[in-house]
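**Student:** next one to model:
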Amino acid sequence: MTKLSVNINKIATLRNARGSGVPDLVGAALNIERFGAAGITVHPRPDERHITRNDVYELKRVMTTELNIEGYPDDRYMQMVLDVNPHQATLVPDPPGVLTSNAGWEVDKHRDFLLEVITVLKRAGIRTSIFIEANDDLIRSAALTGTDRIELYTQSYAEGYLVNKEQAIAPFISAANVANEMGLGINAGHDLSLVNLNYFHQNIPGLLEVSIGHALISDALYFGLENTVRLYNHKLL
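**Tutor:** Below you'll find the predicted structure:
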């Protein structure tokens, strides 16, 4: 069964716009769990423009489902993750000022760095995942870092879905087959939505988890948060 992890960065963005603690980020996360999500994803950035370090510690203290912390593995990130000990750390190659994650790791270029970071995280008992393009050679290289999983960067699939969904998904099927051969777990995320999620889920062998934030929180404005979580879970049946 593919699990739904809800990225709550956008809820934090709304809260931070007024600085009043409304909406209640932790309360929203607990409701999302109660509505049926299998986990919560956060991506705290250095400028804390949405998720803050304090949010991460508070979430870990009260959550009952899986916590996934995304981020670039600099010293700040690593210390926070080792302190919090989440279920999963997803490593992304974001430069400091980027608006949103927009590229996967160039694994061969950064393999030694990733290997070192992943070794530390796994020694602490934290499941690791690296954000990566749907490229067969990159997947093979990822297996050499010791990571437990990969997270397929799905923007190109989402952009191509309405034009030619078979063509859009083809490299992801190939990448998933390679990942399965290499013994890597498969996560996916970025621009997955109610429109394109079910087709992706039905065609990617071994898909363990999807992380969805922007589309899901946007849909919640129209359908309500509880109903939206259920709608997304239904797409994963």
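**Student:** tell me where the chain has helices.
**Tutor:** 9-18, 25-34, 53-62, 75-84, 107-123, 136-143, 155-182, 197-203, 214-223, 225-234 (DSSP state H).
**Student:** as CSV, those helices with mean pLDDT, distance to Arg149 and mean neighbour count would be great.
**Tutor:** Every C-beta, even on glycine, is put in place using the N, C-alpha and C of the backbone. As requested, the helices of the chain are exported to CSV (pLDDT from 0 to 100; distance: least, C-beta to C-beta, whole Å; neighbours: other C-beta atoms under 10 Å):
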stretch, mean pLDDT, distance to Arg149, mean neighbour count
helix 9-18, 96, 20, 17
helix 25-34, 98, 21, 18
helix 53-62, 97, 20, 15
helix 75-84, 97, 15, 15
helix 107-123, 97, 11, 16
helix 136-143, 97, 9, 19
helix 155-182, 98, 8, 17
helix 197-203, 98, 16, 18
helix 214-223, 98, 21, 17
helix 225-234, 98, 20, 18
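**Student:** quick one, what contacts the residue positioned nearest the centre of the chain?
**Tutor:** The residue lying closest to the centre of the chain (C-alpha atoms, centre = their mean) is Ser211, at 4.1 Å. Applying C-beta atoms under 8 Å, 6 or more residues apart in numbering, we find Ser211 in contact with 5-7, 41, 68, 70, 90, 151, 187-189.
**Student:** and what of Asn180?
**Tutor:** Asn180 touches 186, 205-206, counting by C-beta under 8 Å, 6+ apart.
**Student:** if you rank these by neighbours, which is first?
**Tutor:** Ile186 (23 neighbours; other C-beta atoms under 10 Å).
**Student:** Provide the partner residues of it in its beta bridges.
**Tutor:** Ile150, Leu207 (DSSP bridges).
**Student:** from memory it sits against Gly206, does it?
**Tutor:** Yes - using C-beta atoms under 8 Å, Ile186 is in contact with Gly206, at 5.1 Å.
**Student:** quickly list what's touching both of these two.
**Tutor:** Residues touching both Ile186 and Gly206 (C-beta under 8 Å, 6+ apart) are 176, 179-180.
**Student:** about what we covered before: a markdown table please, covering the contacts of Ser211 and showing pLDDT, neighbour count and distance to Lys165.
**Tutor:** Formatted as a markdown table, the contacts of Ser211 follow (pLDDT from 0 to 100; neighbours: other C-beta atoms under 10 Å; distance: C-beta to C-beta, whole Å):
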| residue | pLDDT | neighbour count | distance to Lys165 |
| --- | --- | --- | --- |
| Ser5 | 98 | 26 | 24 |
| Val6 | 98 | 30 | 24 |
| Asn7 | 98 | 24 | 23 |
| Thr41 | 98 | 28 | 25 |
| Asn68 | 98 | 25 | 27 |
| Glu70 | 97 | 25 | 27 |
| Thr90 | 98 | 27 | 26 |
| Glu151 | 98 | 29 | 21 |
| Asn187 | 98 | 26 | 21 |
| Ala188 | 98 | 26 | 15 |
| Gly189 | 98 | 24 | 18 |
